[in-house]
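Student: A predicted structure for the sequence below; I have some questions about it.
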Amino acid sequence: MNHRRLKTALKDLPMGGLRYLKRVGSTNDAALAWAAAGAADFSLVVSDEQTAGRGRGGRRWYTPAGAALAFSLILRPRPGEQEKAALFSALGALAVAVALEGYSLSPQIKWPNDVLLGGRKVCGVLTETVWLGEQIDSLVIGVGVNVAAASVPPADLLNFPAACLETELGRPVERVSLLREILSALLEWRPRLGTQAFLDAWEARLAFRGETVEVWAEGQPARRGWLVGLDSDGGLRLRLPGGEHLTLPFGEVHLRPGM
Ligand code: BTN
């Protein structure tokens, strides 16, 4: 991966800007700094290696050199997107899932926005928002995909079983082409953010649907229920053991298959 190859591969996409960093702490941090300095909508930061990659809930994200796809996309939400901005993380996960289907894989989305292959995590999304008063000034969608076997984190960093693309496919994967496919899917779905078609596409790929799951917010006890699907805001609908329904708003909630 290098700047020239990225530029060539992405030349037909409406990029606001492109920065390639051979090594960086976190592409999200680099993108947030660039956004603060005025980066245009759809500007992209890509790196071959992250030394301080960040995951959800303050966890580390493992990105050794040459093995993973790690990028952060800067968006400037348009007027109609402002009130649906919470769904941009799901847009990132949906775009990755759609791109992986192009490799004849059958990815699933573990609510809210992890991408799984064969029930194991292959991609995580960390979206960070910069507010300007009541309005969102910019938003950074950070995406990490495990591509080669070396990108699968060591066991002590894992909080969910992990997979990688090349092992699933049994062949090498060109990271720049994968990036192009993900960005194309994101461009295709962005205009439909929050629409019924968007929710249907997300729900159709939802992992553990019709199965028992456990959900919990950080520091809270876990609740167990049967995963029904999504509500109209992208919240998760569960049927509890007593038969009553519970909807969890989209956010910092963890989910795992129930025992
Ligand atoms: C998760 O915890 O599942 C989210 C992981 C997000 C990782 C990506 S890699 C590119 C971007 N830069 C970061 O520091 N994090 C995100």
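Tutor: Everything's here; your move. Residues are numbered from 1 along each chain as shown.
Student: give the contact list for L105.
Tutor: Shown in contact with L105 (C-beta atoms under 8 Å, 6 or more residues apart in numbering): L117, L165, E168, L169. For every residue, glycine as well, the C-beta is placed using N, CA and C.
Student: and with 10 Å instead?
Tutor: A97, A99, V115, L117, G118, V122, L165, E168, L169 (C-beta atoms under 10 Å, 6 or more residues apart in numbering).
Student: just these: which are in helices?
Tutor: Secondary structure from DSSP state H places A97, A99, L165, E168, L169 of the contacts of L105 in helices.
Student: so the residue nearest to the spatial centre of the chain bridges to which residues?
Tutor: Nearest residue to the geometric centre of the chain (C-alpha atoms, centre = their mean): V125, 2.7 Å. For V125, the beta-bridge partners are V143 (DSSP bridges).
Student: that one and the ligand: what is the separation?
Tutor: Counting by C-beta to the nearest ligand atom, to the nearest Å, the gap from V125 to the ligand is 6 Å.
Student: just checking, that residue touches P112?
Tutor: Yes: under the criterion of C-beta atoms under 10 Å, V125 makes contact with P112 at 8.6 Å.
Student: joint contacts of the two?
Tutor: By C-beta under 10 Å, 6+ apart, the residues touching both V125 and P112 are R56, S89, A90, A93.
Student: what's the distance between the third one and L139?
Tutor: In this case it means A90. To L139, A90 is 13 Å away according to C-beta to C-beta, to the nearest Å.
Student: out of those two, which sits in the busier spot?
Tutor: Counted by other C-beta atoms under 10 Å, A90 and L139 do not tie: A90 has more neighbours, with 26 against 23.
Student: name the residues of whatever helix or strand that one lives in that are buried.
Tutor: Per DSSP states H and E, A90 falls inside helix 88-101. Judged by neighbour count using 16 or more other C-beta atoms under 10 Å, the buried positions of helix 88-101 are 88-100.
Student: and that helix, is it in reach of the ligand?
Tutor: No: Helix 88-101 lies out of reach of the ligand by C-beta under 6 Å from any ligand atom, never closer than 9.2 Å.
Student: what does the stretch 101-250 of the chain have sitting close to the ligand?
Tutor: Checking the stretch 101-250 of the chain against the ligand by C-beta under 6 Å from any ligand atom, the hits are D114, G124, V125, L126, G142, V143, G144.
Student: contacting residues around the closest residue to the ligand within the chain?
Tutor: Distance from the ligand to each residue of the chain (C-beta to the nearest ligand atom) is smallest for G124, at 2.2 Å. By C-beta under 10 Å, 6+ apart, G124 lies in contact with 53-56, 59, 61, 92-93, 96, 110, 113-115, 142-146, 160, 162.
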